[in-house]
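[1] Sequence and predicted structure are below.
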Amino acid sequence: MRKIADCRALPSENNCSLTMTGEEDEVVRAAVDHAVSVHGHVDSPEFREQIRSFLTDETGRYGTVMIGKMRSGGDEMRAALQQWVRDRNVPGFLREDLLAAEDGTIVAGVTFASREDYQRLGDDPAQSEWWSTVLAPMLDGEPLWFDGPWLEPIERLAPGSSAQLPAQSRPSSAETRSGQQV
């Protein structure tokens, strides 16, 4: 099962916002390297176990998809969202993906580590204020919202990966007729 290490969930002097996701050993190795090089921790077997204890499962991811019409350009919205990430440092926020369609539609997929993290942000008065004064004015009308758990992602394997996709099966002659699969 894939794991998540999220610096925002831990106390930090520099309000680090780094989030790492991957297989457990990969995340522990990367999180330790980050903690040593950025936060000044000392690598030790005990510290690696402490990092391992902070990891969360990726399967609990929850989020929302917003579909709306942009009143202003996508670059302005992207800049506002980047500023939000820097300023708010929201625990459990993992990522936001934006699709700016050619007809002015904007689709935003927002991912949190858990439903609780997502709901905590939704209940935050500062978030409501930010939405109504910063982002909502960039949209033409009310957007549509869809909330729910994110399913396991479907991803292309990296070039040179040792994992392989299953071979496509070819139909036997009994399954074909005139070159058409039946």
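    That came through, no problem.
[2] Please name the nearest non-neighbouring residue to the spatially most central residue of the chain.
    Note on the chain: the residue nearest the mean C-alpha position is residue 95, at 3.4 Å, using C-alpha atoms, centre = their mean. Computed as C-beta to C-beta, 6 or more residues apart in numbering, the closest residue to residue 95 that is not its neighbour in sequence is residue 111, at 5.0 Å. From N, CA and C alone the C-beta is placed, and that goes for glycine too.
[3] The one you found contacts residue 63, doesn't it?
    Yes. The pair residue 111 / residue 63 is scored as a contact, 4.4 Å apart, by C-beta atoms under 8 Å.
[4] Can you find the helix or strand of this structure with the lowest average pLDDT?
    Using mean pLDDT, DSSP states H and E, strand 176-177 stands out as the lowest-scoring helix or strand of the chain, at a mean of 38.
[5] Tell me where this structure has helices.
    Per DSSP state H, the chain carries helices over the ranges 24-39, 45-54, 74-88, 115-122, 125-130.
[6] now the angle between helix 24-39 and the second one, please.
    Which is helix 45-54. Angle of helix 45-54 versus helix 24-39, following axes from the mean of the first three to the mean of the last three C-alpha atoms, to 10 degrees, is 110 degrees.
[7] Point out the other helices and strands that helix 45-54 packs with.
    helix 24-39 (3 or more C-beta pairs under 8 Å, 6 or more residues apart in numbering; DSSP states H and E).
[8] Pull the residues that contact the helix it packs on.
    With contact meaning C-beta atoms under 8 Å, 6 or more residues apart in numbering, helix 24-39 is reached by 1, 3-5, 7, 12-14, 16, 18, 20-22, 41-43, 47-48, 51-52, 55.
[9] Those residues, buried ones only, as a PyMOL selection?
    One line in PyMOL is enough to select the buried members of the contacts of helix 24-39, burial here meaning 16 or more other C-beta atoms under 10 Å:
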select buried, resi 3+4+5+7+16+20+21+51+52+55
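[10] mind listing which of the contacts of helix 24-39 are in strands?
    Taking DSSP state E as the definition of strands, these contribute 3-5, 20-22.
[11] Kindly present the residues you listed as JSON lines, with separate columns for pLDDT.
    As requested, those are exported to JSON lines (pLDDT from 0 to 100):
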{"residue": "3", "pLDDT": "87"}
{"residue": "4", "pLDDT": "85"}
{"residue": "5", "pLDDT": "87"}
{"residue": "20", "pLDDT": "88"}
{"residue": "21", "pLDDT": "85"}
{"residue": "22", "pLDDT": "87"}
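[12] Around the closest residue to residue 113 other than its chain neighbours, count how many other residues there are.
    In space, residue 113 comes closest to residue 92 once its chain neighbours are excluded; the distance is 4.2 Å by C-beta to C-beta, 6+ apart. Residues near residue 92, counting by other C-beta atoms under 10 Å, number 24.
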